[in-house]
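Novice: what follows is a predicted structure for the sequence shown.
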Amino acid sequence: MGNEPKTVSLTVRLRAYISERTSQEKAFFVIYLAVLAVILFIRLRLLATPFERDEGEYAYIGQTLLHGGSLFKDALTMKLPGTSMMYALWMLLFGESVEAIHLGLLLTNFISAFLILWLVRKWEGSNTQGITASIIFLMLTLSQSALGFAAHATHFVILYCLVALLILERALKKQSPLLYFTAGFFFGLSLFMKQQGAMFLLLPIIFIIKEKRAAKTTMMKAIVEIVLLLVGAILPFGVLSIYLSALGTFDKFYFWIFQYSTAYGGRVDPIIGSLIFLNSLGVLIERTPLFWILSLSGVIYAFSLWKTTYAQRSLLFLLAGLLVISPGFYFREHYFMAVLPALAMTGSLLIDYMQKKFSTEGWGRFGSACIISLLLILSFVVESPYYFGYSPEKVVEKTYGKMNVFTTSKMIGEYIKANTSPSDKIQVLGSEPQIYFFSNRRSASGHIYMYGLMENQEYAREMQQELARDIINEKPKYIIFSLEKSSWMLSPDSDMWLWEWYKKYNAENYDVKCLGVFDKDTLTQYIWGDKILTNNASLAVIISKRKD
């Protein structure tokens with residue numbers, strides 16, 4: 001009985017809130033619920049989409065962490081471990097499977113969408129602008145062109161950046177040192193997911209300085225707040241450094257994060273990089289044209305509203321996102337995830353502008369709702385094979401082509417698992433770390449990617465020889481050699497020492513048990529037993545077992 005008044009009060013408040021909403025807001029809310037339901041269905045349908053190699057890397061590292069592994073020992077990588085830790089979290093909650101990781105992606109994507117809606121309101125946007133931005137974000141991040149089916153690091157960079165921006169707004173309002181520190185900590189977690197997330201730290205610095213200038217406050221106060229924020233931002237990195245020092249792997253961490261990543265980041269000429277940018281942008285627009293055109297047009301319109309808080313902060317957010325995707329000038333499609341929240345916001349500005357051109361009475365008040373509904377329907381129709389037709393395996397084939405081993409990596413992993421004991425080690429020569437995950441077997445060497453070994457950089461031969469020594473010392477029970485082109489990224493300048501070493505070492509110490517072959521009409525096929533002696537097909541994978 002004592003709880004009854006609270007229940008009634010909550011009901012009354014809810015009814016009052018709904019009654020205060022305009023017809024337009026109610027229409028947008030219904031559209032939002034429908035979009036959430038459809039996207040939920042699509043993401044659930046694609047939960048089993050096979051891992052590609054980036055996902056395989058994060059999953060393998062996350063798996064080793066759950067089973068007592070050590071960072072920068074079991075796997076050597078130039079990526080900070082934040083995303084792998086997120087993978088470990090999803091596996092801890094939902095199990096060690098592809099579906100578990102993609103369920104985590106689903107939750108991450110939806111939480112980010114709700115945070116965008118909230119952030120729009122904090123930036124003085126309307127309810128309908130918040131819903132529109134959230135819808136556009138969901139559509140752009142789901143698209144096949146942005147590899148939205150894969151749990152890439154940028155999804156988690158966005159998540160923590162949005163949380164940080166919301167806390168920052170509270171800090172600016174309350175002038176709380178603790179909130180500035182907390183906002184910095186979440187910006188630090190964004191960086192922890194991927195180094196490039198550090199570029200988002202420019203946003204709070206700009207916002208704090210602008211706020212102090214508007215309030216005509218001494219810049220010393222701004223400096224103190226920025227210092228508090230930066231201290232919070234470096235905290236995750238500092239804790240990691242102390243932890244790795246205790247593990248004895250800090251030297252490996254320093255080499256891969258600072259020395260090698262610097263060599264990697266400087267490989268693409270800026271002119272070539274600009275062409276890569278335009279090409280990647282073209283791919284994104286071609287496959288999801290309506291919402292990309294809407295958002296890019298919104299960027300232009302936003303400049304005319306520069307004096308408004310929402311437009312100004314959306315454009316600054318976009319600029320920071322562009323800086324996030326720019327280091328190294330690689331501009332891979334999934335990198336563009338970092339600019340999608342800001343683009344969604346500018347797109348909502350254009351929808352709001354269109355509404356102002358309609359009558360506010362009669363059916364005209366639903367003009368913008370009709371526009372967003374039409375864009376949604378057309379987009380779902382245009383990409384209907386991906387959204388509603390392709391199997392998870394077909395999605396990977398249509399995205400990466402038939403000549404890859406992503407769709408068969410699980411089969412290889414299960415074979416290795418069935419023919420080894422948990423203490424046995426294996427080695428994949430190729431950039432297919434997902435095989436380690438599916439087999440649940442440790443790598444003989446920390447080198448789980450071959451790209452760095454084949455690049456024209458000063459550490460290449462040293463890294464190849466380190467890998468060879470690890471194999472000789474650890475004697476992996478199986479070696480899986482991938483000949484798929486994107487697994488090595490060979491160039492005319494690649495040092496082929498490792499390939500020559502492998503041919504001799506494998507022939508002396510291993511028996512070939514299986515050949516994977518490419519077929520122009522089908523996915524990778526596998527040949528076992530005596531048939532491998534008479535096979536002349538184009539090789540994709542060689543699976544060898546140690547003789548002794």
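Specialist: Nice, thanks for sending it over. Residues are numbered from 1 along each chain as shown.

Novice: so which bits of stretch 31-46 are buried?
Specialist: Neighbour counts over stretch 31-46 (16 or more other Cβ atoms under 10 Å) mark I31, Y32, V35, L36, V38, I39, I42, R43, R45, L46 as buried. The way it works is simple: take the backbone N, C-alpha and C, and place the C-beta from them, glycine included.

Novice: from those residues, which is closest to E52?
Specialist: Ranked by distance to E52 (Cβ to Cβ), those are led by L46 at 13.1 Å.

Novice: what's near enough to touch that closest one?
Specialist: When contacts are counted by Cβ atoms under 8 Å, 6 or more residues apart in numbering, L46 touches H102, F149, P392, V395.

Novice: show me the contacts for Y505.
Specialist: Contacts of Y505 by Cβ under 8 Å, 6+ apart are A468, I471, I472.

Novice: what helices and strands are in contact with the helix of greatest length in the chain?
Specialist: Criterion DSSP state H: the longest helix present in the chain is helix 219-247. Under the contact criterion of 3 or more Cβ pairs under 8 Å, 6 or more residues apart in numbering; DSSP states H and E, helix 219-247 touches helix 177-193, helix 202-214, helix 250-254.

Novice: so can I have JSON lines of the contacts of Y505 showing neighbour count?
Specialist: Shown next, in JSON lines, are these (neighbours: other Cβ atoms under 10 Å):
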{"residue": "A468", "neighbour count": "17"}
{"residue": "I471", "neighbour count": "23"}
{"residue": "I472", "neighbour count": "12"}
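
Novice: ok, of these, which one's closest to W499?
Specialist: A468 (11.1 Å).

Novice: shouldn't the closest one be in contact with W501?
Specialist: Yes. Taking contacts as Cβ atoms under 8 Å, A468 lies within contact range of W501: 5.4 Å.

Novice: circling back: next step: the contacts of Y505 restricted to helices.
Specialist: A468, I471, I472.

Novice: quick one: contacts for the first one?
Specialist: Applying Cβ under 8 Å, 6+ apart, one finds that A468 lies in contact with L498, W501, Y505.

Novice: got TSV for these, with distance to L162 too?
Specialist: As requested, the contacts of A468 are exported to TSV (distance: Cβ to Cβ, whole Å):
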residue	distance to L162
L498	42
W501	47
Y505	49
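
Novice: break this structure into its domains for me.
Specialist: Per automatic domain parsing, the structural domains of the chain span 21-50+97-251+270-388, 409-546.

Novice: dig out what I479 forms beta bridges with.
Specialist: Listed beta-bridge partners, I479: Q427, S544 (assigned using DSSP bridges).

Novice: centre-most residue in this protein?
Specialist: H152 (2.2 Å; Cα atoms, centre = their mean).

Novice: returning to what we had before: let me know the closest of the contacts of L46 to Q355.
Specialist: Nearest to Q355 among the contacts of L46 is F149, at 32.6 Å by Cβ to Cβ.

Novice: helix 202-214 and the helix or strand harbouring R170, what's the angle between them?
Specialist: Per DSSP states H and E: R170 is located in helix 153-174. Put simply, helix 153-174 runs at 20 degrees to helix 202-214, going by axes from the mean of the first three to the mean of the last three Cα atoms, to 10 degrees.

Novice: V428 contacts I480, doesn't it?
Specialist: Yes. Contact criterion Cβ under 8 Å: V428 and I480 qualify, at 4.7 Å.

Novice: joint contacts of these two?
Specialist: The contact sets of V428 and I480 overlap at I435 (Cβ under 8 Å, 6+ apart).

Novice: which one's more surrounded, those two?
Specialist: V428 (32 against 26; other Cβ atoms under 10 Å).

Novice: contacting residues for the more buried one?
Specialist: Counted by Cβ under 8 Å, 6+ apart, V428 has contacts I435, Y436, S443, I448, I479, I480, S482.

Novice: mind doing that once more with 7 Å?
Specialist: Shown in contact with V428 (Cβ atoms under 7 Å, 6 or more residues apart in numbering): I435, Y436, I480, S482.

Novice: one more: A153?
Specialist: A153 is in contact with T83, M193, K194, counting by Cβ under 7 Å, 6+ apart.

Novice: need the pLDDT of the nearest residue to the last one once chain neighbours are set aside.
Specialist: Just to be clear, that refers to K194. Excluding the flanking residues, the one nearest K194 by Cβ to Cβ, 6 or more residues apart in numbering is A153, at 4.2 Å. For A153, the model assigns a pLDDT of 95.

Novice: just K485 next, same as before
Specialist: 84.

Novice: how about the contacts made by it?
Specialist: Taking Cβ under 7 Å, 6+ apart as the definition, K485 has no contacts.

Novice: quick one: it from S491, how far?
Specialist: 11 Å (Cβ to Cβ, to the nearest Å).

Novice: spit out the residues that contact the two alike.
Specialist: Contact criterion Cβ under 7 Å, 6+ apart; residues shared by K485 and S491: none found.

Novice: element containing T420, please.
Specialist: Following DSSP H and E, there is no helix or strand that holds T420.

Novice: quick one, what contacts it?
Specialist: By Cβ under 7 Å, 6+ apart, the neighbours of T420 are I426, R441, K477, Y478.

Novice: ok, it to G413 distance?
Specialist: 11 Å.

Novice: just I209 next, same as before
Specialist: Distance from I209 to G413, by Cβ to Cβ: 52 Å.

Novice: about what we covered before: possible to save the domains of the chain as JSON lines with distance to L66?
Specialist: Below are the domains of the chain laid out as JSON lines (distance: least, Cβ to Cβ, whole Å):
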{"stretch": "domain 21-50+97-251+270-388", "distance to L66": "12"}
{"stretch": "domain 409-546", "distance to L66": "10"}
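
Novice: go through those and name the closest to S70.
Specialist: That would be domain 21-50+97-251+270-388 among the domains of the chain, by Cβ to Cβ, at 5.4 Å.

Novice: end to end on that closest one, go ahead and measure it.
Specialist: 34 Å (Cα to Cα, to the nearest Å).

Novice: so how far is that domain from its chain's centroid?
Specialist: Centroid separation between domain 21-50+97-251+270-388 and its chain, computed with Cα atoms, centre = their mean, to the nearest Å, is 13 Å.
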